[in-house]
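Participant: Provided below for reference: sequence and predicted model.
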Amino acid sequence: MDIRLAGVTVDFAAHGVRALDDVELSIAEGEQVALLGPSGAGKSTLLRIILGAIQPVAGEVRVSGLDPFGGSRDVTRIRRATGMVRQRDDLVRGLTARTNILIGHTHGWRPGDWWHVLRGRVPHRHLQRLHTLAVRHDIAQLLSTRIENLSGGQRQRVALVRALLGKPRLLLADEATSGLDPARAAEALAHLRDADAATLIVTTHDLTVARQFPRVVAVRDGRIVFDGPELPEEAVADIYGGRPAKVNS
(Lines give C-alpha, C1' and ligand atoms only; values in the text may rest on other atoms or scores of the structure.)
Protein backbone atom coordinates (compact mmCIF):
# COMPACT_ATOMS: atom_id res chain seq x y z
CA MET A 1 0.00 0.00 0.00
CA ASP A 2 1.19 3.53 -0.69
CA ILE A 3 0.77 6.32 1.87
CA ARG A 4 0.47 10.09 1.48
CA LEU A 5 0.22 12.72 4.20
CA ALA A 6 -0.21 16.35 3.12
CA GLY A 7 -0.06 19.18 5.65
CA VAL A 8 -1.07 16.88 8.51
CA THR A 9 -1.33 18.53 11.94
CA VAL A 10 -2.38 16.82 15.18
CA ASP A 11 -3.07 18.66 18.43
CA PHE A 12 -3.62 17.02 21.80
CA ALA A 13 -5.53 19.99 23.19
CA ALA A 14 -6.02 18.51 26.65
CA HIS A 15 -2.25 18.43 27.11
CA GLY A 16 -1.42 21.56 25.13
CA VAL A 17 0.78 19.50 22.79
CA ARG A 18 1.15 19.61 19.02
CA ALA A 19 2.01 15.99 18.20
CA LEU A 20 2.47 16.53 14.45
CA ASP A 21 3.01 19.87 12.75
CA ASP A 22 2.30 20.30 9.02
CA VAL A 23 3.76 16.90 8.06
CA GLU A 24 4.32 16.08 4.38
CA LEU A 25 5.22 12.46 3.68
CA SER A 26 4.86 10.02 0.80
CA ILE A 27 5.75 6.33 0.98
CA ALA A 28 5.50 4.21 -2.16
CA GLU A 29 4.15 0.68 -2.19
CA GLY A 30 6.95 -1.78 -1.52
CA GLU A 31 9.19 0.62 0.42
CA GLN A 32 10.81 -0.32 3.74
CA VAL A 33 11.11 2.78 5.92
CA ALA A 34 12.56 3.41 9.38
CA LEU A 35 10.75 6.19 11.24
CA LEU A 36 13.39 7.51 13.64
CA GLY A 37 13.17 9.93 16.54
CA PRO A 38 13.30 10.34 20.32
CA SER A 39 10.41 9.38 22.57
CA GLY A 40 7.50 11.81 22.14
CA ALA A 41 8.62 12.92 18.67
CA GLY A 42 5.32 11.91 17.03
CA LYS A 43 6.26 8.53 15.51
CA SER A 44 3.45 6.49 17.07
CA THR A 45 0.95 9.26 16.36
CA LEU A 46 1.85 9.06 12.69
CA LEU A 47 1.13 5.31 12.62
CA ARG A 48 -2.19 5.82 14.39
CA ILE A 49 -3.21 8.39 11.78
CA ILE A 50 -2.56 5.86 9.02
CA LEU A 51 -4.93 3.45 10.78
CA GLY A 52 -7.57 6.14 11.33
CA ALA A 53 -7.21 6.00 15.13
CA ILE A 54 -6.38 9.72 15.53
CA GLN A 55 -7.92 12.39 13.32
CA PRO A 56 -5.75 15.37 12.36
CA VAL A 57 -7.02 18.90 12.86
CA ALA A 58 -5.65 19.82 9.43
CA GLY A 59 -4.30 18.11 6.34
CA GLU A 60 -5.11 15.10 4.21
CA VAL A 61 -4.27 11.40 4.64
CA ARG A 62 -4.56 8.74 1.95
CA VAL A 63 -3.67 5.04 2.15
CA SER A 64 -3.75 3.52 -1.34
CA GLY A 65 -6.28 6.20 -2.22
CA LEU A 66 -8.50 5.43 0.77
CA ASP A 67 -9.37 8.01 3.43
CA PRO A 68 -8.91 6.64 6.99
CA PHE A 69 -11.47 9.21 8.15
CA GLY A 70 -13.86 8.95 5.22
CA GLY A 71 -16.21 6.35 6.67
CA SER A 72 -16.30 2.83 8.06
CA ARG A 73 -15.89 1.17 4.66
CA ASP A 74 -12.50 2.81 3.98
CA VAL A 75 -11.33 2.25 7.57
CA THR A 76 -12.24 -1.44 7.41
CA ARG A 77 -10.41 -1.91 4.11
CA ILE A 78 -7.28 -0.21 5.44
CA ARG A 79 -7.20 -2.14 8.71
CA ARG A 80 -7.83 -5.51 7.11
CA ALA A 81 -4.93 -4.84 4.74
CA THR A 82 -2.60 -3.81 7.59
CA GLY A 83 -0.61 -5.87 10.07
CA MET A 84 0.57 -4.25 13.32
CA VAL A 85 3.37 -5.22 15.71
CA ARG A 86 3.57 -3.13 18.89
CA GLN A 87 6.28 -2.62 21.51
CA ARG A 88 3.83 -4.10 24.00
CA ASP A 89 2.64 -7.09 22.05
CA ASP A 90 -0.98 -7.13 23.36
CA LEU A 91 -0.92 -10.92 23.55
CA VAL A 92 -3.43 -12.45 25.94
CA ARG A 93 -2.12 -14.34 28.95
CA GLY A 94 -3.74 -17.70 29.58
CA LEU A 95 -4.15 -18.40 25.86
CA THR A 96 -1.81 -20.41 23.67
CA ALA A 97 0.36 -18.86 20.98
CA ARG A 98 -1.92 -20.44 18.34
CA THR A 99 -5.08 -18.89 19.76
CA ASN A 100 -3.39 -15.48 20.16
CA ILE A 101 -2.33 -15.55 16.51
CA LEU A 102 -5.86 -16.31 15.36
CA ILE A 103 -7.48 -13.48 17.33
CA GLY A 104 -8.80 -10.91 14.88
CA HIS A 105 -8.71 -13.31 11.94
CA THR A 106 -11.89 -15.28 12.64
CA HIS A 107 -14.58 -13.25 10.89
CA GLY A 108 -16.71 -15.65 8.87
CA TRP A 109 -15.84 -18.70 10.94
CA ARG A 110 -18.45 -21.32 11.79
CA PRO A 111 -18.76 -22.73 15.35
CA GLY A 112 -17.20 -25.99 14.21
CA ASP A 113 -14.09 -24.20 12.97
CA TRP A 114 -13.01 -23.34 16.51
CA TRP A 115 -13.42 -26.96 17.53
CA HIS A 116 -10.93 -28.01 14.86
CA VAL A 117 -8.52 -25.24 15.85
CA LEU A 118 -8.64 -26.07 19.55
CA ARG A 119 -7.84 -29.67 18.70
CA GLY A 120 -4.84 -28.42 16.70
CA ARG A 121 -5.73 -30.10 13.43
CA VAL A 122 -3.04 -28.84 11.06
CA PRO A 123 -4.81 -29.73 7.78
CA HIS A 124 -7.75 -27.47 8.66
CA ARG A 125 -8.06 -24.65 6.14
CA HIS A 126 -7.59 -21.89 8.73
CA LEU A 127 -4.36 -23.40 10.05
CA GLN A 128 -2.42 -24.01 6.87
CA ARG A 129 -1.01 -20.49 6.49
CA LEU A 130 -0.53 -20.19 10.26
CA HIS A 131 1.74 -23.22 10.32
CA THR A 132 3.63 -22.12 7.22
CA LEU A 133 4.42 -18.79 8.91
CA ALA A 134 5.19 -20.48 12.25
CA VAL A 135 7.82 -22.68 10.59
CA ARG A 136 9.34 -19.71 8.73
CA HIS A 137 9.61 -17.67 11.94
CA ASP A 138 10.71 -20.58 14.14
CA ILE A 139 7.73 -20.85 16.50
CA ALA A 140 6.03 -24.00 15.17
CA GLN A 141 7.08 -25.92 18.28
CA LEU A 142 5.57 -23.20 20.51
CA LEU A 143 2.03 -22.98 19.13
CA SER A 144 0.50 -24.98 22.00
CA THR A 145 2.45 -23.05 24.66
CA ARG A 146 0.74 -20.42 26.78
CA ILE A 147 1.96 -16.89 26.12
CA GLU A 148 3.19 -16.28 29.68
CA ASN A 149 5.62 -19.19 29.30
CA LEU A 150 7.39 -17.66 26.29
CA SER A 151 10.47 -15.42 26.27
CA GLY A 152 10.38 -11.85 24.98
CA GLY A 153 11.88 -12.84 21.64
CA GLN A 154 9.44 -15.71 21.21
CA ARG A 155 6.48 -13.47 22.04
CA GLN A 156 7.71 -10.97 19.47
CA ARG A 157 7.73 -13.65 16.79
CA VAL A 158 4.22 -14.74 17.79
CA ALA A 159 3.04 -11.12 17.42
CA LEU A 160 4.70 -10.92 13.99
CA VAL A 161 3.03 -14.12 12.77
CA ARG A 162 -0.31 -12.76 14.01
CA ALA A 163 0.28 -9.56 12.05
CA LEU A 164 1.19 -11.50 8.89
CA LEU A 165 -1.60 -14.08 9.01
CA GLY A 166 -4.03 -11.92 7.05
CA LYS A 167 -1.51 -11.35 4.22
CA PRO A 168 -1.20 -7.61 4.90
CA ARG A 169 -0.21 -5.21 2.17
CA LEU A 170 1.13 -2.86 4.86
CA LEU A 171 3.10 -3.86 7.97
CA LEU A 172 3.55 -1.34 10.82
CA ALA A 173 5.96 -2.05 13.68
CA ASP A 174 5.96 0.41 16.58
CA GLU A 175 9.23 0.17 18.57
CA ALA A 176 9.12 -3.58 17.96
CA THR A 177 12.79 -4.07 18.92
CA SER A 178 12.74 -1.84 22.00
CA GLY A 179 13.54 -3.67 25.23
CA LEU A 180 15.22 -6.58 23.45
CA ASP A 181 18.94 -7.30 23.79
CA PRO A 182 21.03 -6.63 20.65
CA ALA A 183 20.93 -10.24 19.43
CA ARG A 184 17.15 -10.51 19.90
CA ALA A 185 16.64 -7.06 18.33
CA ALA A 186 18.63 -8.07 15.26
CA GLU A 187 16.61 -11.28 15.01
CA ALA A 188 13.28 -9.44 15.30
CA LEU A 189 14.37 -6.89 12.68
CA ALA A 190 15.41 -9.64 10.26
CA HIS A 191 11.99 -11.26 10.62
CA LEU A 192 10.26 -7.93 9.97
CA ARG A 193 12.31 -7.14 6.89
CA ASP A 194 11.84 -10.66 5.54
CA ALA A 195 8.06 -10.54 6.03
CA ASP A 196 5.89 -10.96 2.97
CA ALA A 197 4.19 -7.58 3.28
CA ALA A 198 4.35 -5.09 0.43
CA THR A 199 5.18 -1.99 2.52
CA LEU A 200 6.98 -1.82 5.88
CA ILE A 201 7.25 1.07 8.37
CA VAL A 202 9.23 0.53 11.57
CA THR A 203 9.38 3.21 14.28
CA THR A 204 12.51 3.27 16.40
CA HIS A 205 14.71 5.54 18.51
CA ASP A 206 17.73 3.30 17.86
CA LEU A 207 20.22 4.50 15.23
CA THR A 208 21.53 0.97 14.71
CA VAL A 209 18.07 -0.21 13.69
CA ALA A 210 17.33 2.81 11.49
CA ARG A 211 20.58 2.49 9.53
CA GLN A 212 19.61 -0.98 8.34
CA PHE A 213 16.79 0.47 6.23
CA PRO A 214 17.09 1.84 2.69
CA ARG A 215 15.15 4.96 3.75
CA VAL A 216 15.16 6.84 7.06
CA VAL A 217 12.52 9.42 7.96
CA ALA A 218 13.45 11.27 11.16
CA VAL A 219 10.93 13.11 13.32
CA ARG A 220 11.53 15.66 16.08
CA ASP A 221 8.88 17.70 17.92
CA GLY A 222 6.22 16.65 15.43
CA ARG A 223 8.18 17.71 12.34
CA ILE A 224 10.13 15.72 9.75
CA VAL A 225 13.74 16.87 10.03
CA PHE A 226 15.39 14.31 7.75
CA ASP A 227 14.28 12.07 4.89
CA GLY A 228 16.84 10.16 2.87
CA PRO A 229 18.59 6.89 2.08
CA GLU A 230 21.46 7.37 4.54
CA LEU A 231 21.60 9.16 7.88
CA PRO A 232 24.73 11.35 8.14
CA GLU A 233 26.30 12.02 11.53
CA GLU A 234 25.60 15.75 11.28
CA ALA A 235 21.85 15.02 11.11
CA VAL A 236 21.84 13.06 14.37
CA ALA A 237 22.33 16.10 16.63
CA ASP A 238 19.44 17.87 14.90
CA ILE A 239 17.17 14.85 15.41
CA TYR A 240 17.99 14.40 19.09
CA GLY A 241 18.52 18.06 19.98
CA GLY A 242 21.87 17.50 21.67
CA ARG A 243 20.61 14.51 23.65
CA PRO A 244 22.51 11.24 23.24
CA ALA A 245 20.97 8.92 20.67
CA LYS A 246 20.44 5.29 21.52
CA VAL A 247 22.85 2.91 19.81
CA ASN A 248 22.70 -0.82 20.50
CA SER A 249 26.08 -2.41 20.98
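Facilitator: Happy to help now that I have it.
Participant: ok, now which ones touch the closest residue to residue 80 other than its chain neighbours?
Facilitator: Among residues not flanking residue 80 along the chain, residue 166 sits closest, at 6.6 Å (Cβ to Cβ, 6 or more residues apart in numbering). For every residue, glycine as well, the C-beta is placed using N, CA and C. Residue 166 sits next to 80, 83, 104, 105 when contact means Cβ atoms under 8 Å, 6 or more residues apart in numbering.
Participant: can you tell me which of these are in helices?
Facilitator: residue 80 (DSSP state H).
Participant: Where does pLDDT dip in this structure?
Facilitator: Applying pLDDT under 70 to the chain picks out residues 13-16, 106-109, 114, 116-126, 179-180, 196-197, 241-249.
Participant: what ranges do the strands span in it?
Facilitator: Ranges of strands in the chain, per DSSP state E, are 3-12, 17-27, 32-36, 58-63, 82-86, 170-174, 199-204, 215-220, 223-228.
Participant: neighbouring strands for the longest one, and are they parallel or not?
Facilitator: In other words, strand 17-27. When pairing is defined by DSSP bridges, strand 17-27 lines up against strand 3-12 (antiparallel).
Participant: What lies in contact with the strand it pairs with?
Facilitator: With contacts defined as Cβ under 8 Å, 6+ apart, strand 3-12 is touched by 17-27, 42, 45-46, 49-50, 54, 56-64, 170, 199, 201, 222.
Participant: hmm, try it at 7 Å
Facilitator: By Cβ atoms under 7 Å, 6 or more residues apart in numbering, the residues outside strand 3-12 that reach it are 18-27, 45, 49-50, 54, 56-63.
Participant: Please apply the same query to stretch 131-146.
Facilitator: If you take Cβ under 7 Å, 6+ apart as the criterion, stretch 131-146 is touched by 94-98, 120, 122, 150, 154, 157-158, 160-161, 164-165, 191.
Participant: so of the residues you listed, which ones are in helices?
Facilitator: Counting by DSSP H, the contacts of stretch 131-146 place 97, 98, 154, 157, 158, 160, 161, 164, 191 in helices.
Participant: how close does the residue nearest to the second one when sequence neighbours are not counted sit to residue 152?
Facilitator: It stands for residue 98. The shortest distance from residue 98 to any non-neighbouring residue, by Cβ to Cβ, 6+ apart, is to residue 143 (4.2 Å). Distance of residue 143 to residue 152, given as Cβ to Cβ, to the nearest Å: 18 Å.
Participant: One more: residue 231?
Facilitator: Distance of residue 231 to residue 152, given as Cβ to Cβ: 27 Å.
Participant: if I pick the residue lying farthest from the centre of the chain, what's in contact with it?
Facilitator: Seen from the C-alpha centroid of the chain, the residue lying at the greatest distance (Cα atoms, centre = their mean) is residue 112, 31.9 Å away. Going by Cβ under 7 Å, 6+ apart, residue 112 touches no other residue.
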